[in-house]
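*Asks:* Sequence and predicted structure below; questions after.
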Amino acid sequence: MVKNLLRILLICWSIVSMECHAQDSIAYDAFFQDQALRIELFLFGTGSDLKVVPGKIVQEPIWPGPRNQLVFPFPYGKNAIRVYDLDSDRLIYSFGFDTLYSEYATTEPASQGKWKAFPISVRFPKPKSRFRIEFLSRRKDNHWETIWSESMKPSDKNIRREGVDLGDTVFELQKTGDPNDRLDLVFLAEGYTDSEKEKFHADAQRMTQYMFEHEPFRRHRGKFNVSAVFRPSSESGVDEPDQRRYRNTALGASFNTLEIDRYLLTDQGHTLREYAAQVPYDSVVVLVNSKRYGGGAICLDYCVSTVDDPKSEAVFLHEFAHSIAYLADEYIGSVTYNDIYPEGVEPVEPNITRELDPAKIKWKDALTTGVPLPTPKDFGAATQETASIVGAFEGGGYLKTGMYRPEKSCAMGSGLDPFRFCIVCEKAIEQMIEYYAPSTDK
């Protein structure tokens, strides 16, 4: 009987494995054209209600994203899109991401029922046949809920097919290969006037150089294409509501996002993607012409950093790590979020955990031999090896207790000077680089 049970389990495991393999082995050319579709959506929400209203649909001339892993292989995102082939009802594309709404939903005004609107854009390779797109939201228990779906044909007359060139200036900072098998990064100018075009070019070059001076970006430099797009703003600088300073700029970026003084984002999600679409891109960085300390990121969507604060380079790379690899903040701090990491629910971010079982913790393969969990702050101090110890140090995700990070210091927390990602964050970034730019030697 035990043999039969084992045989049944092996058969079931084989079926599941074959299904997963079949899902992962979707042939791009069988389902998709070389173009991309970008759908503009409006999210209207409170802390408990979310409605999605579609806007225009735009065809882009190229799909620069992954072609080998069309179903998103990571558990990341508080929102997601899924695209199904209607003839076979097969999932042919998915991607997870955050939105500014998903952060707003955890704030006090949202919990009190105050509605707010957020324009976002989602992009995916253009299907060859009729398809259905779904927009999903992750509940607090980590289960997905479909909020909106719509079926359409790729020949639909309402898909706009005009050119994407808006006349902005494009700088090519690094080109190592075809956009289809590279991680394509684009910098966008915000708060630079027409006379400051060369300053933006120099700022983008400086940030690029800083990124490639640090691991794991340094050893993967050959997998990146980097460009910069300049659009002049009417005024120099950026909105600073706490100082009652306002500027007319290309993207309307502003400090005091979600009432956090240093938090700098834009709420013009449609304009952001239209601006970026003038070049092939996978990840967007907005450089803000300001001397003030600040920045922000919407994970797996875009990030923002000022350029002229003494710590601007470090802030840029910290925020870029959020946006490209879904890394959580590892510091303890005062934010306006409420219950962003619900008690008893394991966060999906790769670098924070509530788990203290060494056999189950996310980074179990990287744990230092004999390290206690939780790990005392001074563990290893006698041998002066605390910087390289991987354990579970308490404090992370803005929480002082009950949340743990892999190392005592990391660039996602307090490790901005000198700038250094911990081993777990490095691995997470590398995995995302591999997603966009798979190694050819495998």
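*Replies:* Looks like it arrived, so ask away. Residues are numbered from 1 along each chain as shown.
*Asks:* K197: what secondary structure?
*Replies:* helix (DSSP: H, G, I helix; E, B strand; the rest coil).
*Asks:* One more: A228?
*Replies:* strand.
*Asks:* what residues are up against it?
*Replies:* Each residue near A228 by C-beta atoms under 8 Å, 6 or more residues apart in numbering is listed here: 170-171, 173, 186-189, 200-201, 204. C-betas here are computed from N, CA, C, even on glycine.
*Asks:* Going along the chain, name the helices of the stretch 251-400 of the chain.
*Replies:* Taking DSSP state H, counting those that start in this stretch as the test, the helices found in the stretch 251-400 of the chain are 269-276, 312-325.
*Asks:* hey, C-alpha coordinates of the last one in PDB?
*Replies:* In other words, helix 312-325. The C-alpha atoms that make up helix 312-325 are tabulated as PDB, following Å, rounded to 0.1, in the frame of the first residue of the first chain:
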ATOM      1  CA  SER A 312      21.300  61.500  -4.500                       C
ATOM      2  CA  GLU A 313      23.300  58.700  -6.200                       C
ATOM      3  CA  ALA A 314      22.600  56.400  -3.200                       C
ATOM      4  CA  VAL A 315      19.000  57.400  -3.100                       C
ATOM      5  CA  PHE A 316      18.600  56.700  -6.800                       C
ATOM      6  CA  LEU A 317      20.100  53.200  -6.600                       C
ATOM      7  CA  HIS A 318      18.100  52.400  -3.400                       C
ATOM      8  CA  GLU A 319      14.900  53.400  -5.200                       C
ATOM      9  CA  PHE A 320      15.900  51.600  -8.400                       C
ATOM     10  CA  ALA A 321      16.300  48.400  -6.400                       C
ATOM     11  CA  HIS A 322      12.700  48.800  -5.200                       C
ATOM     12  CA  SER A 323      11.400  49.300  -8.600                       C
ATOM     13  CA  ILE A 324      13.300  46.600 -10.400                       C
ATOM     14  CA  ALA A 325      13.500  43.800  -7.800                       C
END
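*Asks:* Quick one: mean pLDDT for that helix?
*Replies:* Helix 312-325 carries an average pLDDT of 98.
*Asks:* change the start of the numbering to 30 and stick with it
*Replies:* Sounds good: first residue 30 from here, last item helix 341-354.
*Asks:* so what's F164 up against?
*Replies:* By C-beta under 8 Å, 6+ apart, the contact list for F164 reads 70, 81, 108-110, 151, 175-178.
*Asks:* From these, keep the buried residues only.
*Replies:* Among the contacts of F164, those classed as buried by 16 or more other C-beta atoms under 10 Å are 70, 81, 108-110, 151, 176-177.
*Asks:* Which one of those residues is nearest to A305?
*Replies:* In terms of C-beta to C-beta, no member of the buried ones among the contacts of F164 lies closer to A305 than V151, at 13.4 Å.
*Asks:* any idea how far stretch 278-293 is from the chain center?
*Replies:* From the chain centre to the centre of stretch 278-293 is a distance of 18 Å (C-alpha atoms, centre = their mean, to the nearest Å).
*Asks:* Include pLDDT, distance to P95 and secondary structure when you put the buried ones among the contacts of F164 into TSV, please.
*Replies:* Formatted as TSV, these follow (pLDDT from 0 to 100; distance: C-beta to C-beta, whole Å; DSSP: H, G, I helix; E, B strand; the rest coil):
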residue	pLDDT	distance to P95	secondary structure
L70	98	22	strand
V81	98	25	strand
N108	97	19	strand
A109	98	15	strand
I110	98	14	strand
V151	98	15	strand
I176	97	25	strand
W177	98	24	strand
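*Asks:* how about TSV for the residues you listed, with distance to Y366 added?
*Replies:* TSV is the format used below for those (distance: C-beta to C-beta, whole Å):
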residue	distance to Y366
L70	23
V81	22
N108	16
A109	21
I110	24
V151	24
I176	21
W177	25
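*Asks:* that older thread, buried deepest among the helices of the stretch 280-429 of the chain, which one?
*Replies:* Greatest average neighbour count among the helices of the stretch 280-429 of the chain goes to helix 341-354 (a mean of 23), per mean count of other C-beta atoms under 10 Å.
*Asks:* Show me what that one packs onto, helices and strands only.
*Replies:* If you count contacts as 3 or more C-beta pairs under 8 Å, 6 or more residues apart in numbering; DSSP states H and E, helix 341-354 packs onto helix 226-240, strand 312-317, strand 324-327, strand 331-335, helix 452-465.
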